[in-house]
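Asks: what shape does this take:
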Amino acid sequence: MKGSESVLSTAAAAGMRVCFANPGTTEMALVEAFDATTGIRPVLALAEGVVTGAADGYTRMAGVPALTLLHLGPGFANGIANLHNARRGRTPLVNLIGEHASWHQAADAPLASDIDSLAAPVSGWVGRTTSAARAAEEFAAARQAALRDRMPATLICAADHMWSDGGVEVAVPEPPAPPAVAPERIEEVAKLLAGAARPALLLGGDALDAEGLRTAARIAAAVGAEVFAERSPARLERGPDIPAVRSVPYFPEDVLDALDGFSDLVLVGTGTPVAFFGYQGLPSFPVPDGTAVHPLADKGDDVRGALRALAEAAGAAATAPTAPPRPGPTAPSGALDAPAVAAAIALTQPDGAIVVNEGVSSGGAYPAAATGAPAHTELTLTGGAIGSGMPMATGAAIACPDRAVIGFQADGSAAYTAQALWTQAREELDVTTVICANQRYRILEAELRRAGVDEPGPGATSMTRLAGPVLDWTAIARGFGVPGVRVSTGEELLDALRRAHAEPGPHLIEAVL
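Replies: Here you go, the predicted model:
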């Protein structure tokens, strides 16, 4: 057995099923090993940002780490932005990075680089293979670290360690259990909530699944609290029988307004709200002065267990209060804007859909529209590095082939990783991408106004507009093998969405705003 074969066979034995890849020469032994190993599906992407974003989306939905296969430091560097998002979203994927043969590394060949330094900021664990005989053992350590730290782990694989004989498949330990929250902490928070004037719970991570939301609703009903969701969660469940939750706003002054009047804020699987950027005259942590912040469970803790224990300590009822019926949005008509696109998606999405929201300025309209939609999962941009939406949708579709995937996508961020469409076509994935085509970086226009620039000059305007030439998304989609259609009214968008959901395979809808 070669070292490469031992790595992939160990991964397969551990239940890992997919490797998203954009390999090069130093990875040829690993490429060959896919034919010698059963159980792992290789999925080719045309750009590394698609590889890493797809691995993030797959892992969020499958609950099992995906593999990536990347080419040396420059190839890995091309995928770092979406690994930043994966780290922020606590996604335990595993990167395999090809490296020059051990005896060639000192030659400083053109593609040589400091891979360890590139990998460290976006990985919870970085390691290197030392031989073919130990490669599988070192891979198992990477997987265990990813699951333990809930972050990407990176194993740098020397080419000769992969092509040489002597590899040995190793037993993979059980995934580590998340740390339990101390009973004393549970009791302390329960007493605090019982005496609080107006408490609130802020949920993140695992607390935003169906169980966590129902448990939080039980606690809130028992102590008279309100429940919030963190901004940009990795995964959020919604449905008619799941309690609705209000998201923390984007701009810090809006966060201050949303939290105004609450005496206490209990953090469950998330941190204190933080402003995306530093704004003059506004705090980095936009929490009102009169609101005390209390952590219950950290991001890596057993968040679900902590919520269950808190519900018991708070004397919460056994079931969540019945939510009143939530009507769906009004069908849009006429010219399109962001709320109209969100309404059309919510009105037409199939039951059990996965909605990947990278609408940036437009995507904020979706949560309000989605409260009355059928049961679904929303994945969002966790780290703010745009270009994740279409890759995440690709990975989510491979993880859940029985569920429709909808990409609520901004045109500016879509241009970063449009190559994902090719992988969707090649793999025949059920992904419908809705491009909000406003031909501009609208979020940057908003930031200019916040900076006091009400009338930007031609230089600033040129850096926020995508016109000249306008991106032709239907042509781009067709070039990558995905059928595309352009719409400009609510009626046209509803019709295009219904047709896309009725037909197998990927589709793209360019919604002109």
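Asks: I'd assumed E447 was in a helix, is it?
Replies: Yes - under DSSP: H, G, I helix; E, B strand; the rest coil, E447 sits within a helix.
Asks: for P199, see how far away A135 is.
Replies: 51 Å (Cβ to Cβ, to the nearest Å). No exception for glycine: its C-beta is placed from N, CA and C like everyone else's.
Asks: neighbour count: these two, which is higher?
Replies: Comparing A135 with P199 by other Cβ atoms under 10 Å, the one with more neighbours is A135, at 28 against 24.
Asks: pretty sure that one is touching T129, no?
Replies: Yes - the pair A135 / T129 is scored as a contact, 4.7 Å apart, by Cβ atoms under 8 Å.
Asks: which residues are common contacts for the two?
Replies: Common contacts of A135 and T129, defined by Cβ atoms under 8 Å, 6 or more residues apart in numbering, comprise 3, 157, 161-162.
Asks: which pair in these spans the largest distance?
Replies: Farthest apart among the shared contacts of A135 and T129 by Cβ to Cβ are G3 and C157. That separation is 7.9 Å.
Asks: residues shared between the contacts of the two?
Replies: Shared contacts of G3 and C157, counting by Cβ under 8 Å, 6+ apart, come down to 129, 135.
Asks: tell me which of the two has more neighbours.
Replies: Neighbour count, other Cβ under 10 Å: between G3 and C157, G3 has more, with 30 against 26.
Asks: per-residue pLDDT of that one, please?
Replies: G3 is assigned a pLDDT of 98 by the prediction.
Asks: how about Q280?
Replies: 91.
Asks: P327 now?
Replies: 87.
Asks: tell me the spacing between it and D241.
Replies: In terms of Cβ to Cβ, P327 sits 16 Å off from D241.
Asks: is C436 located within a strand, as I assumed?
Replies: Yes - using three-state DSSP, the assignment for C436 is a strand.
Asks: what pairs with it across the strands?
Replies: A410, A511 (DSSP bridges).
Asks: now the strands for the stretch 101-250 of the chain?
Replies: In the stretch 101-250 of the chain, the strands defined using DSSP state E, counting those that start in this stretch lie at 125-128, 153-158, 199-203, 226-229, 236-238, 246-247.
Asks: in its sheet, what does the second one sit against?
Replies: Each strand paired with strand 153-158, and its direction, by DSSP bridges: strand 94-99 (parallel), strand 125-128 (parallel).
Asks: which of those is buried the deepest?
Replies: strand 94-99 (a mean of 26; mean count of other Cβ atoms under 10 Å).
Asks: now the lowest-mean-pLDDT helix or strand in the chain: buried residues?
Replies: Least confident helix or strand of the chain, by mean pLDDT, DSSP states H and E, is helix 442-450 with a mean of 86. Buried residues in helix 442-450, counted by 16 or more other Cβ atoms under 10 Å: 442-445, 448.
Asks: and what of stretch 398-406?
Replies: Within stretch 398-406, the residues scored as buried using 16+ other Cβ under 10 Å are 398-400, 403-406.
Asks: quick one: distance of it to the chain centre.
Replies: Mean C-alpha position of stretch 398-406 versus that of the full chain (Cα atoms, centre = their mean, to the nearest Å) differs by 15 Å.
Asks: would you point out which residue is most central in the protein?
Replies: With distances taken as Cα atoms, centre = their mean, A234 lies nearest the centre of the chain, 4.7 Å away.
Asks: surely that residue and L381 touch.
Replies: No - the pair A234 / L381 is not scored as a contact, 9.9 Å apart, by Cβ under 8 Å.
Asks: picking that back up, quick check: nearest residue in space to the residue nearest to the centre of the chain, chain neighbours excluded?
Replies: Leaving aside its chain neighbours, A234 sits nearest to G89 (3.6 Å; criterion: Cβ to Cβ, 6 or more residues apart in numbering).
Asks: what distance do you get for A369 to T348?
Replies: Distance, A369 to T348, using Cβ to Cβ: 11 Å.
Asks: what about A182, how many neighbours?
Replies: 11.
Asks: quick thing: my sequence starts at 40, can you match it?
Replies: I'll keep to 40 as the first residue from here, and by that count the last item is A221.
Asks: OK, contacts around it?
Replies: Taking Cβ under 8 Å, 6+ apart as the definition, A221 has no contacts.
Asks: okay, it: pLDDT?
Replies: A221 is given a pLDDT of 97.
Asks: for A159, which non-adjacent residue is spatially closest?
Replies: A159 sits nearest to V165 (Cβ to Cβ, 6+ apart), 5.6 Å away.
Asks: so what sits opposite that neighbour in the bridge?
Replies: T193.
Asks: residue contacts, it?
Replies: So V165 contacts 155, 158-159, 192-193, 195 (Cβ under 8 Å, 6+ apart).
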